[in-house]
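**Q** Give me the fold of what follows.
(chains A and B)
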Amino acid sequence: DQQVKQNSPSLSVQEGRISILNCDYTNSMFDYFLWYKKYPAEGPTFLISISSIKDKNEDGRFTVFLNKSAKHLSLHIVPSQPGDSAVYFCAASDSGGSNYKLTFGKGTLLTVNP
Amino acid sequence: SQTIHQWPATLVQPVGSPLSLECTVEGTSNPNLYWYRQAAGRGLQLLFYSVGIGQISSEVPQNLSASRPQDRQFILSSKKLLLSDSGFYLCAWSPRTGWVETQYFGPGTRLLVL
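**A** Alright, predicted model coming up:
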């Protein structure tokens, strides 16, 4: 039972254009969401997060949108750069739980072409 | 600033041999600690988490165990490795605030069981 789904295994965009990475979740108790970026053979790096009390959070070129009714969130990267090429993981958590656990999706490989 | 260390970076072990992976965190006290595994082509699977010394919770039944002998040290072990234990093992920490917090990952250990 996969509670966090990233249905696109890969995405390819041109440098300078917008990258949109999508994530869906099924657990209605999830109320805190994060995006991580991972290069091969390295640990994931935290990018941006959003609480369910918001529908948008922005940090530089990265914006996360949350649609609670659709149980959907997306990460927008504008403009995309070749250095953004990596695997992006969506993660979710239930802040009312006692174990502070994050549930991760399987990731989307983003390739930004020069 | 906080840093997280994992070693070794790469490990090749025969089936049936023991395993010990170590993770240490610097620059913080009383962190929550986590062990994840990323199998080839898969997402991040939480294996163990710890909210204090000697307190270990297991997420999935498996051939592995974890221990936390000191506040900022987390060890992943096995008495006899299986082929299916191959993967990329990640340690992570988060502040213990009583809320869900961002988790920060170490560089990872690539384990190949032959």
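**Q** residues in contact with the residue nearest the centre of chain B?
**A** Among the residues of chain B, the one closest to the centroid is B:W35, at 2.9 Å (Cα atoms, centre = their mean). The contact partners of B:W35, by Cβ atoms under 8 Å, 6 or more residues apart in numbering or on different chains, come to B:23, B:46-49, B:66, B:74, B:76, B:89-92. (Glycine included, C-beta is placed from N, CA and C.)
**Q** check these against chain A, which are close?
**A** With Cβ under 8 Å from any Cβ of the partner chain as the criterion, the contacts of B:W35 include B:46, B:49, B:90, B:92 near chain A.
**Q** Using a markdown table, lay out those together with secondary structure and neighbour count.
**A** Listed next are the ones next to chain A among the contacts of B:W35 as a markdown table, based on DSSP: H, G, I helix; E, B strand; the rest coil; neighbours: other Cβ atoms under 10 Å in any protein chain shown:
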| residue | secondary structure | neighbour count |
| --- | --- | --- |
| B:L46 | strand | 21 |
| B:Y49 | strand | 25 |
| B:L90 | strand | 27 |
| B:A92 | strand | 27 |
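**Q** Around chain A, pick out the residues from chain B.
**A** Residues of chain B lying near chain A (Cβ under 8 Å from any Cβ): B:6, B:32, B:42-46, B:49, B:51, B:57, B:59, B:88, B:90, B:92, B:94, B:99-108, B:110.
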